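**Student:** sequence first, then the predicted structure, then my questions.
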Amino acid sequence: MSPPTSLSRPEDELLLCCARTSRTSEITTRVEALIRAGVDWKYLIRTSNAHGVAPLLYWHLSSVCKEDIPADVLDYLREHFLANSLHNLSLTRELLRLLNAFEAHGILAVPYRGPVLAATVYGNLALRRFLDLDIMVHRQDAMKAKELLTSLGYRPKHRLTRAQEAALLRSRFEYIFVRDDGKITVELHWEIIEHFALPLEPELLLGRLSRIPLGNDTVPNLSPEDTLLTLCAHGSKHLWERLGWICDVAELVRVRQDMRWEQVMAKASALGGERMVLLGLLLASNLLGAALPNQVLQSIHIDPMVGVLARRLQERLFKMANGKAEFFESAYFHPLHIKMQQRLPDKIRFCVRVATTQVVEDWKMLPLPDFLFAFYYVLRPIRIICRYTPKIAKGLSRSRG
């Protein structure tokens with residue numbers, strides 16, 4: 001395995017070697033060589049936590065040349081690994097409780113990412129970090145699901161007026177709930193990703209469900225092809241700022257040798273999200289050695305923007321600022337988002353939706369009574385223009401340079 005040329009530190013290469021559930025003898029040899037050459041352990045631990053791959057880092061380091069790893073480093077990683085394991089078990093137990101409650105009340109609820117991804121793709125709940133629970137329901141069941149979650153000890157993360165809640169259900173894609181003890185967050189979805197050209201609504205997905213074992217129960221699960229689409233849409237929305245999200249794609253490709261690639265690319269193309277899917281797959285291949293079929297490689301070659309975007313994101317992945325990972329700002333809108341759209345109508349639709357879709361931040365910035373709610377549709381474009389025009393101009397000038 002040859003590391004990407006954009007890496008500037010050996011610790012970054014070491015993290016890439018460990019961001020997987022299995023390794024070849026070549027990778028093992030490289031890991032041992034990097035450790036013996038000397039490691040900035042504080043940097044490595046900090047970066048692994050920021051990228052959500054600390055469990056995998058410990059998984060690998062606990063079985064290679066431990067005599068060359070400081071005892072306090074292994075102790076810290078072990079404690080982090082055990083804490084993550086307990087946290088994941090707690091979330092999984094809660095997920096099963098919620099799914100059983102939804103089923104008892106006639107609500108079809110489908111979990112994705114989180115525990116089901118850890119179980120089906122990583123093969124071990126302890127190897128993937130997840131912080132909340134993502135559950136998909138039909139849009140028409142959202143309020144019924146809200147009432148049920150409230151009865152089970154949850155409350156909306158944000159206090160909303162009736163007009164705000166109606167706007168959220170109409171134009172947004174998730175409703176966030178927090179358990180009363182503050183320990184667990186549930187994101188209720190009726191559409192997978194907002195604003196992007198991958199409107200993966202439940203109606204498109206629920207007919208292709210299977211059931212998988214989870215704990216002592218079985219739960220509904222998205223097909224591998226739909227899982228890949230959702231992972232690539234999610235990573236693209238967040239500009240692939242975390243290695244853990246790229247690892248999700250690489251592990252899915254590795255595990256699902258039966259992936260129906262023609263179906264994946266056909267669905268992505270029909271939804272206008274082919275470039276996003278190709279970008280996620282290319283990052284998984286470049287950084288983590290995911291083996292891609294010829295038809296995918298050919299599609300990447302045909303669209304040179306995929307390679308341009310991959311290089312841009314790889315360059316930013318491990319950059320540091322003020323001792324912390326220099327992730328892209330929690331961007332609601334970024335020039336790279338537009339470049340991820342392949343077709344002009346999708347670019348226009350993306351911009352229009354960003355400019356017109358209400359978000360909680362708008363309501364918190366300027367609380368208005370419900371009878372003035374329509375005024376937010378005037379304020380929203382103004383806020384977007386003021387906030388993002390300088391960033392877009394800077395990004396465009398950089399791309400021209």
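**Tutor:** Happy to help now that I have it.

**Student:** show me the shaky parts of this protein.
**Tutor:** Applying pLDDT under 70 to the chain flags the ranges 1-6, 171-172, 192-204, 206-207, 320-332, 388-401.

**Student:** next, give phi and psi for residue 378.
**Tutor:** phi -90, psi -40 (degrees, to the nearest 10).

**Student:** what's the neighbour count on it?
**Tutor:** The number of residues packed near residue 378 is 9, by other C-beta atoms under 10 Å. Using the backbone N, CA and C atoms, a C-beta is placed for each residue, glycine as well.

**Student:** can you check the one 5 residues further on too?
**Tutor:** Using other C-beta under 10 Å, the number of residues around residue 383 comes to 17.

**Student:** cool, and residue 140?
**Tutor:** 10.

**Student:** which residue ranges of the stretch 201-350 of the chain form strands?
**Tutor:** Per DSSP state E, counting those that start in this stretch, the stretch 201-350 of the chain carries strands over the ranges 210-214, 217-221, 320-321, 324-325.

**Student:** should've said the stretch 51-200 of the chain
**Tutor:** 110-112, 133-136, 154-156, 174-179, 185-189.

**Student:** which one of these lies closest to residue 76?
**Tutor:** Closest approach to residue 76 among the strands of the stretch 51-200 of the chain is made by strand 185-189 (25.7 Å; C-beta to C-beta).

**Student:** describe which strands that closest one pairs with in its sheet and in which direction.
**Tutor:** Note on strand 185-189: by DSSP bridges, its sheet partners are strand 133-136 (parallel), strand 174-179 (antiparallel).

**Student:** how far away from the center of its chain is that strand?
**Tutor:** 14 Å (C-alpha atoms, centre = their mean, to the nearest Å).

**Student:** what comes up buried for it?
**Tutor:** Neighbour counts over strand 185-189 (16 or more other C-beta atoms under 10 Å) mark 185, 186, 187, 188, 189 as buried.

**Student:** the longest helix in the chain is where?
**Tutor:** helix 71-104 (DSSP state H).

**Student:** helices or strands next to that one in the packing?
**Tutor:** helix 41-50, helix 54-61, helix 114-117, strand 133-136, helix 142-151, strand 210-214, strand 217-221 (3 or more C-beta pairs under 8 Å, 6 or more residues apart in numbering; DSSP states H and E).

**Student:** in space, what's closest to residue 175 - neighbours in sequence excluded?
**Tutor:** Leaving aside its chain neighbours, residue 175 sits nearest to residue 188 (4.5 Å; criterion: C-beta to C-beta, 6 or more residues apart in numbering).
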